[in-house]
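Trainee: all I have is the shape, not the residue letters:
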């Protein structure tokens, strides 16, 4: 989700706040059902339908969080799908690894993914009523991060933000710098706090650097240069599940917008598994460069020329927003750029009620989405944005686990009937 400034496992829970050690197959299950927890006590979460690629499994097995999980252990198919994407670095303009993983997962569903030169991935679905105008549903693959602006003589790196990210959202933390040759492990640093009180000022990017532990020559030999991207290391990404075992929360760096990608992948898997079709011809897409301008979405909308663009993205919860981080998904009514289509909004709210889910609505003064950016660019007639309410937006984000399945239920109903 853009900021509005240029656009911004396992078995049942064993108790509250437990620390457990799970095998990789438990962290990233494939074809099996596991008990989970819901508001009414125990219920059965559907298995993760559709295999993860071997590449994704390897990332899970090598990720430090795979063998030292924190918090409750639950199985949730959407969260599991999200995990399959989480450890693949995907800063804006460097989405190639996650795009390849999504392509692999879509192909494993016996669907035919398409990919353009810019890196957008999408699949075309035939509708029950092909004479109706085509709609496009999209989630973005890129994440906010850092960009290297200078390699210092001591081998450390000066950085700026890539998308809507600020130092106080990260703190001093391990990061992965994506060099042209290989990745470099470093620590985002801000220096000593043992300084006079009057010099303890708020930290901006010009007061930070990435400590590499390497010489300048070693850094350059790994292909790190001005323009190289950096993201929080896999060890600090999560996700964690915590709180009330009957109604847990989940946290991660960052749900934006791999979670939207995971929801769309589960939608595709459900359609394939049931043999159902959307009502109309539909494109399901995974787009690049949302966080820095919505470039992937706008380019894809220009090429596919859908009548309607529906972005599946998160809903931040700023202090002035009438939103609650609960099991109810959110439809955006207006953002910084555009009013969303009123008729679409009413249909989405009705689709929610038809499956027993109330949808929250919100107006944003500082947010934008692929849908509103594509609409403002003139490439679509109508637009809408829908997703999960998330606390700590553009940081270590939080949500209620129950909102994942509710979001998918509403979306599936909307796709099937509208």
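Mentor: Yes, it's here. Bear in mind the structure is a predicted one, so any value in this text is a computation, not a measurement.
Trainee: what residues sit buried inside stretch 284-302?
Mentor: Buried residues in stretch 284-302, counted by 16 or more other Cβ atoms under 10 Å: 284-301. The C-beta positions use only the backbone N, C-alpha and C, and glycine is treated the same way.
Trainee: can you show me the strands along the stretch 201-350 of the chain?
Mentor: Applying DSSP state E, counting those that start in this stretch to the stretch 201-350 of the chain gives strands spanning 209-211, 229-232, 240-242, 249-252, 282-287, 308-312, 315-316, 330-334.
Trainee: elements contacting the longest one?
Mentor: Helices and strands touching strand 282-287, by 3 or more Cβ pairs under 8 Å, 6 or more residues apart in numbering; DSSP states H and E, are strand 121-125, strand 135-140, helix 258-274, helix 295-304.
Trainee: next: the first one.
Mentor: Other elements packing on strand 209-211 under the criterion 3+ Cβ pairs under 8 Å, 6+ apart are strand 157-162, strand 183-189.
Trainee: pairing partners for the last one, with directions?
Mentor: In other words, strand 183-189. Partners of strand 183-189 in the sheet, by DSSP bridges, are strand 173-178 (antiparallel), strand 209-211 (antiparallel).
Trainee: now the angle from it to strand 157-162?
Mentor: 90 degrees (axes from the mean of the first three to the mean of the last three Cα atoms, to 10 degrees).
Trainee: and strand 183-189, what's buried?
Mentor: By neighbour count with 16+ other Cβ under 10 Å, strand 183-189 contains the buried residues 183-184, 186-189.
Trainee: what's the answer for the shortest one, then?
Mentor: By neighbour count on 16+ other Cβ under 10 Å, the buried set for strand 157-162 is 157, 159, 161-162.
Trainee: could you pull out the helices for the stretch 1-150 of the chain?
Mentor: 24-27, 54-62, 77-86, 96-107 (DSSP state H, counting those that start in this stretch).
Trainee: lowest average pLDDT across the ones you listed?
Mentor: Of all these, helix 24-27 carries the lowest average pLDDT, namely a mean of 31.
Trainee: returning to that earlier point: with respect to residue 261, which of the buried residues of strand 183-189 is nearest?
Mentor: residue 183 (21.9 Å; Cβ to Cβ).
Trainee: what sits against the nearest residue to that closest one once chain neighbours are set aside?
Mentor: Once flanking residues are discounted, residue 183 sits nearest to residue 176: 5.1 Å by Cβ to Cβ, 6 or more residues apart in numbering. Applying Cβ atoms under 8 Å, 6 or more residues apart in numbering, one finds that residue 176 lies in contact with 89, 183-186, 230-234.
Trainee: try it again with 6 Å
Mentor: Residues counted as contacts of residue 176 (Cβ atoms under 6 Å, 6 or more residues apart in numbering) are 89, 183, 231, 233.
Trainee: try residue 233
Mentor: By Cβ under 6 Å, 6+ apart, the neighbours of residue 233 are 174-176.
Trainee: how many residues are close by the residue nearest to residue 321 when sequence neighbours are not counted?
Mentor: Excluding its sequence neighbours, the residue lying closest to residue 321 (Cβ to Cβ, 6+ apart) is residue 362, at 5.3 Å. Counted with other Cβ atoms under 10 Å, the neighbours of residue 362 add up to 21.
Trainee: ok but residue 362 is inside a helix, no?
Mentor: No - assignment of residue 362 by DSSP: H, G, I helix; E, B strand; the rest coil gives strand, placing it outside any helix.
Trainee: mind pulling up the pLDDT for it?
Mentor: Looking at residue 362, its pLDDT is 98.
Trainee: again with residue 192
Mentor: Predicted confidence (pLDDT) for residue 192: 85.
Trainee: do you know how far it is from residue 213?
Mentor: 18 Å (Cβ to Cβ, to the nearest Å).
Trainee: more neighbours: these two, which one.
Mentor: Taking other Cβ under 10 Å, residue 192 and residue 213 do not tie; residue 213 has more neighbours (12 against 6).
Trainee: just for the stretch 151-300 of the chain, where's the confidence low?
Mentor: Judged against pLDDT under 70, the stretch 151-300 of the chain has no low-scoring part.
Trainee: returning to that earlier point: for the buried residues of strand 183-189, which one is nearest residue 221?
Mentor: residue 184 (10.2 Å).
Trainee: isn't that closest one right next to residue 177, touching?
Mentor: Yes - counting by Cβ atoms under 6 Å, residue 184 touches residue 177, with 4.2 Å between them.
Trainee: what do those two both touch?
Mentor: residue 224.
Trainee: number of nearby residues for residue 358?
Mentor: 13.
Trainee: burial count for the residue lying closest to it once chain neighbours are set aside?
Mentor: Using Cβ to Cβ, 6+ apart and skipping the chain neighbours, the partner closest in space to residue 358 is residue 328 (5.3 Å). Applying other Cβ under 10 Å, we find 20 residues neighbouring residue 328.
Trainee: distance check, residue 328 against residue 70.
Mentor: Distance from residue 328 to residue 70, by Cβ to Cβ: 27 Å.
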